[in-house]
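K.L.:
Got a predicted structure plus its sequence, pasted below:
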Amino acid sequence: MQKWLLALALAGSAPASAVVVGADSHGFELRHTLDLPIPPAQALSAFGQIGSWWSKGHTYSGNAARLSLQLRPGGCWCEQLDGGGGVEHMRVAYYQPGKRIVLTGGLGPLLFEGTSGVMDVRATKTETGSQLVINYRVAGFARANGTEMALAVDQVLREQTERLRTFASKGAKR
């Protein structure tokens, strides 16, 4: 296993529901489900405040405050780098306020592989607030196969979704 995959695989703690839906040599699908004590619109708003909950350990700059996500079609999930540079992690392809965000792109080291990713984030109303379901599907060619990548990326997303749960439950701007 490549060093970056091992580092990714060792990160994080598990949310209430996280599963590798499927994986093969060409790609994978992950699903993370969060139950939140806030309405769906606030849950998606919290997701959009990416710099407030994403781990600095999974950024290129080492500073999560340099992350931003513009919640609009064409909006960038971007990171500012020193010297005026930057990284486009993902781009908003679909946005339905309070209900759904679909982003395209490759997170972390997937940026440097021949892969394409789609992250579909849906918020639905529940009796106690909302449920946020995050599906991330990645396919294409990479130096590691999809089965290996799925486990590593799943561990990183587990950590991030736990951070999102904490932020949305306690500190999201309402």
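P.N.:
Received the coordinates, thanks.
K.L.:
measure the residue located most distally from the centre of the chain to S61 for me?
P.N.:
Within the chain, the residue lying farthest from the chain centre (CA atoms, centre = their mean) is G83, at 25.8 Å. Remark: distance between G83 and S61 (CB to CB, to the nearest Å) = 11 Å. Heads up, the C-betas are built off the backbone N, CA and C, glycines and all.
K.L.:
Geometric centre of the protein: which residue is closest?
P.N.:
Geometric centre of the chain, nearest residue: L157, 6.0 Å, by CA atoms, centre = their mean.
K.L.:
That one reaches V138, doesn't it?
P.N.:
No - with contact defined as CB atoms under 8 Å, L157 does not reach V138; the gap is 11.2 Å.
K.L.:
Return the helix or strand in this protein with minimum mean pLDDT.
P.N.:
In the chain, the helix or strand scored least confidently by mean pLDDT, DSSP states H and E is helix 3-9, which has a mean of 35.
K.L.:
so after that helix, what's the next helix or strand?
P.N.:
Tracing the chain past helix 3-9, the next element assigned as helix or strand by DSSP states H and E is strand 17-24.
K.L.:
Run the chain-centre distance for that next one.
P.N.:
Offset of strand 17-24 from its chain centre (CA atoms, centre = their mean, to the nearest Å): 14 Å.
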